[in-house]
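Undergrad: prediction below, plus the sequence it came from.
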Protein chains: 2
Amino acid sequence: MRSASVRAALAAGGPPRDAGLMKHGGDLFEAKARHGEGDPAWLDLSTGLNPHPWPVPAALRHAGWERLPGSAAMRALLDAAREAYRVPEGAEIVAAPGTQALIQWLPRLAPPGAVSVLGLTYAEHAASWRAAGRDVIPAPDPSPPGEGESAPADRGGVLPGRGCPHPGSLPEQVRERLDPPLQGGIGGASPTHRVVVNPNNPDGRILGLAALAAMAEDCARAGGWLVVDEAYADLDPAMTAASLVPDLPVIVLRSFGKFYGLAGLRLGFAVAQPAVAERLRAALGDWAVSGPALAVGAAALADEDWAAAMRVRLAQEAAGLDAVLGEAGLSPGGGTGLYRLVRHPEAADLHERLAAAHVWCRRFDWAPDLLRFGLPPDEAGFARLREALREAAHAQGTSTASSRNRSR
Amino acid sequence: MRSASVRAALAAGGPPRDAGLMKHGGDLFEAKARHGEGDPAWLDLSTGLNPHPWPVPAALRHAGWERLPGSAAMRALLDAAREAYRVPEGAEIVAAPGTQALIQWLPRLAPPGAVSVLGLTYAEHAASWRAAGRDVIPAPDPSPPGEGESAPADRGGVLPGRGCPHPGSLPEQVRERLDPPLQGGIGGASPTHRVVVNPNNPDGRILGLAALAAMAEDCARAGGWLVVDEAYADLDPAMTAASLVPDLPVIVLRSFGKFYGLAGLRLGFAVAQPAVAERLRAALGDWAVSGPALAVGAAALADEDWAAAMRVRLAQEAAGLDAVLGEAGLSPGGGTGLYRLVRHPEAADLHERLAAAHVWCRRFDWAPDLLRFGLPPDEAGFARLREALREAAHAQGTSTASSRNRSR
């Protein structure tokens, strides 16, 4: 509920005149203006960032700040990234100040033609292609495997989000919002380019390599690109479309900051064929990546032991988060090892109650019954979430009861 | 002189397959491949970076790495930048991961039309407009004030580089390389947009506010933009075209990394009218600037005492550098407080001899008699430069004598 004082707070401390507006739910600014800065400190579960960052050695806290980033540092970073992201011979890898910078440029560099963005997903892809004047054709997710069917991702099928006991690729109310003519496929529209977020954000749907290859072949025939955004693919190092790149017009995006818990550093990559990589490098320009990102990225991406142990830890914690959300009666809706999607009939109301308790999760304008929770950083965070969910449920029960009383 | 072993070293350790190629002279990589990594350690004078970085407090070495950069941090940065760069009411300021990122985007966002880039200058402007498919019309610098004339910059005239006892805006052999029909002005070509680097890199030529306003009015009539790149303007805080922005289609670029000696951090700004600022923000996308850059930039830009003291110090050191270069018989060609341009009849040869002594300065493909020297970081650096110049002059004398002997 927004009071006059809340509106006043927003007016006084609201979005800065010059700042780029941050995406709803990804920034605590608005939440703090409405519910206060601290006491208790905010538990920010609105992002899908690993809350256990790669431990940056003290020496690397001082590396690369002063001089312009040099090509030797870039080479070290790209060597480590090729290895970590399993980039095959015949494919190149380009570094950028965050995957978002690549998302901004791709539509400006792609051959002419419309794009389809698969399913309901990270909104920035469609927004960026639209801003570049491209037609964006929504495309439904392929049907998830029906009961009794088997279509494992490694055979080219579709897998629901991990650890999701009730599968279904996109939530039902989401599928209904797609244009009916598009339900069975792309229909009459014929996009030149396609964008797939894999695993998908927010529902965690995974397309297997054969399905991606088939889409890439469609793109190849149309003279276009298939962009595969693997921002949340680090949980399974084998799950990458990089192996397709040498033979098909595939561009794989990899995000450093999420899995390594260093999103503020701004580092992302594109894996692409040499000619496309060259176009991207030329567009980004020299010194696109900061010296600290070069130094820390190279060291972190080479740290295989940390990555292997972190995958195990995140899987355990995601299961723990599922348990906490399940206890509160939230039904699972998919996710990845870095966030869980759940359904609740009054998601917006629950979101607001959690915010009042200074627990900040993610809601979606386009889905009134979905919430996304990132991993709490520690046991205390898990306990606070459990408690906040319990209190919100209680308050909701009271409020429901009192409105029932009023309506009598 | 390149030997077989040098060619082998270049082949073995040469430019990495995937790295963006760094600009000639700005990267030590090539120099090290040819002349060895160390012993003595390289004295890199090839950039125009302040060798005395703003002292980053330990706490800020840890700020902003983990979470996505938020709007409160962006607001703090932009508030400090508005103050430091004297941004007037009616103008907005946009932050980017380095000025280069803005240079890459501007030609993609500008209204249709050709551009003229004033004089011989930082090559990336013309390259970026060309890469965006724009016609680039070279434009000669306005004539410098003749003998006896007075056209101070604050009255709209042209000032030569500071501390340059023999003025002349661009070196003579550079002016000769401009197309003859362009010598007297832009001639038949009529650019929509104009780009001025002010003070100019490398010669330090300064256009006064009235001259810039006149150019901006031309641009306004043509429906275009005047881009004023003030990458080296920090030495004189009053020298900015920001005051023109509210009334004219001027976009001022400011570079954080050069004056604050933190180029590796990647931080730059555009001062522009609200509609243009909005276009730039939309193109750069969310989270374009890293968390460390937001935190350090905000603190450094607010540190007026450091900036004032640094301006005095850099002016003294630039005078010291002039003295060292003068002793070696190099004639002054202009510059700013962060670098000095000098002339030498065999600049390429001198550049090579200095490189052999592991002193790395900047030479220019388009000017066989120009070299640019950044400030040595300390007394030892000054001494090494003095010594290397002395030895190079001696070797040059010997080599000239020996070739004279041979030709007899």
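TA: That came through fine.

Undergrad: show me the shaky parts of chain A.
TA: A:1-27, A:142-189, A:397-408 (pLDDT under 70).

Undergrad: which residues in it form helices?
TA: A:4-13, A:28-35, A:71-84, A:99-109, A:124-131, A:172-177, A:209-222, A:256-259, A:274-284, A:291-301, A:304-327, A:347-356, A:379-407 (DSSP state H).

Undergrad: now do the buried residues in the third one.
TA: Which is helix A:71-84. Neighbour counts using 16 or more other CB atoms under 10 Å in any protein chain shown place A:71-82, A:84 of helix A:71-84 among the buried residues. No exception for glycine: its C-beta is placed from N, CA and C like everyone else's.

Undergrad: restrict these to those near chain B?
TA: Among the buried residues of helix A:71-84, the residues lying close to chain B (CB under 8 Å from any CB of the partner chain) are A:71-72, A:74-75, A:78-79, A:82.

Undergrad: now, among these, which is nearest to residue B:59?
TA: residue A:74 (28.8 Å; CB to CB).

Undergrad: buried set for the longest strand seen in chain A?
TA: Longest strand in chain A, counting residues (DSSP state E): strand A:367-374. Under the neighbour-count criterion of 16+ other CB under 10 Å, strand A:367-374 has A:367, A:369-374 buried.

Undergrad: could you dump those residues into JSON lines with distance to residue A:41 added?
TA: Shown next, in JSON lines, are those (distance: CB to CB, whole Å):
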{"residue": "A:367", "distance to residue A:41": "29"}
{"residue": "A:369", "distance to residue A:41": "29"}
{"residue": "A:370", "distance to residue A:41": "26"}
{"residue": "A:371", "distance to residue A:41": "21"}
{"residue": "A:372", "distance to residue A:41": "21"}
{"residue": "A:373", "distance to residue A:41": "17"}
{"residue": "A:374", "distance to residue A:41": "16"}
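
Undergrad: could these go into JSON lines alongside distance to chain B?
TA: Supplementary listing: the buried residues of strand A:367-374 in JSON lines, determined by distance: CB to the nearest CB, whole Å:
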{"residue": "A:367", "distance to chain B": "21"}
{"residue": "A:369", "distance to chain B": "26"}
{"residue": "A:370", "distance to chain B": "21"}
{"residue": "A:371", "distance to chain B": "19"}
{"residue": "A:372", "distance to chain B": "15"}
{"residue": "A:373", "distance to chain B": "16"}
{"residue": "A:374", "distance to chain B": "11"}
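
Undergrad: residue A:365 - how many residues pack around it?
TA: Residue crowding around residue A:365 was assessed by other CB atoms under 10 Å in any protein chain shown; the count is 9.

Undergrad: and residue A:246, by the same measure?
TA: If you count neighbours by other CB under 10 Å, residue A:246 ends up with 14.

Undergrad: so it makes contact with residue A:90?
TA: Yes: Residue A:246 lies in contact with residue A:90 (CB atoms under 8 Å); the separation is 3.2 Å.

Undergrad: hey, what's in contact with both of these two?
TA: Shared contacts of residue A:246 and residue A:90, defined by CB atoms under 8 Å, 6 or more residues apart in numbering or on different chains, comprise residue A:273.

Undergrad: for chain B, see how far away residue A:87 is.
TA: Separation of residue A:87 from chain B (CB to the nearest CB, to the nearest Å) stands at 9 Å.

Undergrad: check contacts around that residue.
TA: Neighbours of residue A:87 in contact, by CB under 8 Å, 6+ apart: A:81, A:93, A:242, A:245, A:271.

Undergrad: chain neighbours aside, what residue packs nearest to the residue in the stretch 301-408 of chain A positioned nearest to chain B?
TA: As assessed by CB to the nearest CB, chain B sits closest to residue A:377 within the stretch 301-408 of chain A, at 10.1 Å. Nearest residue to residue A:377 in three dimensions, chain neighbours excluded: residue A:51, at 3.7 Å (CB to CB, 6 or more residues apart in numbering or on different chains).

Undergrad: next, give phi and psi for that neighbour.
TA: Main-chain dihedrals, residue A:51, degrees, to the nearest 10: phi -80, psi 0.

Undergrad: so it is in contact with residue A:262, correct?
TA: No: here residue A:51 lies out of contact with residue A:262, judged by CB under 8 Å, at a distance of 11.6 Å.

Undergrad: between these two, which has more neighbouring residues?
TA: Using other CB under 10 Å, the more surrounded residue of residue A:51 and residue A:262 is residue A:262, with 26 against 19.

Undergrad: relative to residue A:140, how far out is that one?
TA: Separation of residue A:262 from residue A:140 (CB to CB, to the nearest Å): 35 Å.

Undergrad: buried ones in stretch A:209-219?
TA: Buried, per 16+ other CB under 10 Å, within stretch A:209-219: A:209, A:211-213, A:215-216, A:218-219.

Undergrad: check those residues against chain B, which are close?
TA: Filtering those for proximity to chain B by CB under 8 Å from any CB leaves nothing.

Undergrad: and which of these is nearest chain B?
TA: Chain B lies nearest to residue A:216 out of the buried residues of stretch A:209-219, by CB to the nearest CB, at 21.6 Å.

Undergrad: ok, for that closest one, nearest residue in space, not its chain neighbours?
TA: residue A:248 (3.9 Å).

Undergrad: I appreciate the help and will end here.
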